[in-house]
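[1] Prediction below, plus the sequence it came from.
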Amino acid sequence: MPSFTLRRPRVAAAIAAALAATATGLLLLPSGEARPAAASDQQLLAQQLQKARLATAKYAFDLDRAQADGYKILTPNMPDMGFHFVNPAISGDFDVTKPPILVYVKKGGKVQLGALEWVFGSTPATPPLPGATYGSFPAACHYDDGSFIPAASQDLCAPTNPDTGSAFFFWHPQLVTLHVWLWYPNPDGLYNSTNAFVHPFTRHGDLFAGGAGSMAGMADMPGMSHG
């Protein structure tokens with residue numbers, strides 16, 4: 001298994017990868033291919049990513065800071081993504097400096113911010129970032145320990161998770177998702193929901209605080225897709 005080291009040069013590499021498309025005049029597609037980008041697209045994406053980088057740098061290696069600012073565990077260790085943390089206080093129109101979800105990769109007692117995520121009730125008519133592509137997440141009941149159970153409506157949510165005993169947190173309908181891998185390079189593109197580079201650290205489906213959180217069949221859940 002590859003070693004997992006949390007060094008600041010990795011952050012620089014991640015930022016360089018995220019910004020490389022703008023510097024070369026290309027936008028990365030989900031397949032990893034590239035297409036020419038208009039100058040205005042390059043400039044806008046570079047400006048937006050710089051703002052997002054500055055706003056979230058304080059969270060890059062400091063999950064405690066993110067939690068102090070209101071981010072709460074949302075999912076188990078999702079395959080090829082990581083642990084998602086949501087800030088319920090962030091809502092409203094898209095703001096690149098205020099991602100409602102942070103995706104962390106964990107190895108042992110160390111964590112590193114990998115992606116920023118926004119969610120929408122439907123696919124935006126105008127992409128919030130140039131070249132944006134989307135995934136989806138099914139309607140689900142979420143619980144305080146990060147576990148979740150797909151459910152078509154909130155009245156199907158148990159007050160506690162029958163498998164883990166954790167208290168109900170909230171329910172959401174099916175969502176359109178936008179991942180931005182600003183802090184960890186992604187071979188499949190800036191916006192791809194999953195990232196093969198984090199696979200060695202995300203394949204178990206464990207709960208963040210410890211304990212089993214089976215993700216068996218997650219890829220086959222109705223409404224789950226990876227842009």
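    All right, it came through fine. Numbering: from 1, shown residues only.
[2] rest of the way, CA atoms for contacts and neighbours
    OK.
[3] Show me the strands in this protein, by range?
    Applying DSSP state E to the chain gives strands spanning 26-28, 34-36, 72-73, 83-86, 101-107, 110-120, 135-137, 140-143, 148-150, 168-172, 175-180.
[4] want to throw those strands into TSV with distance to Asp93 and mean neighbour count?
    Converted to TSV, these look like this (distance: least, C-alpha to C-alpha, whole Å; neighbours: other C-alpha atoms under 10 Å):
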stretch	distance to Asp93	mean neighbour count
strand 26-28	24	23
strand 34-36	28	13
strand 72-73	21	21
strand 83-86	16	24
strand 101-107	14	23
strand 110-120	10	22
strand 135-137	19	20
strand 140-143	23	24
strand 148-150	26	21
strand 168-172	18	18
strand 175-180	14	24
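[5] can I assume Arg203 is in contact with Asn77?
    Yes: the pair Arg203 and Asn77 qualifies as a contact (C-alpha atoms under 8 Å) at a distance of 7.3 Å.
[6] ok, these two, which is more surrounded?
    When Arg203 and Asn77 are compared for neighbours, Asn77 comes out ahead with 27 against 15, by other C-alpha atoms under 10 Å.
[7] Include distance to Asn192 when you put the strands of the chain into TSV, please.
    Shown next, in TSV, are these (distance: least, C-alpha to C-alpha, whole Å):
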stretch	distance to Asn192
strand 26-28	10
strand 34-36	13
strand 72-73	22
strand 83-86	15
strand 101-107	13
strand 110-120	10
strand 135-137	8
strand 140-143	22
strand 148-150	22
strand 168-172	22
strand 175-180	7
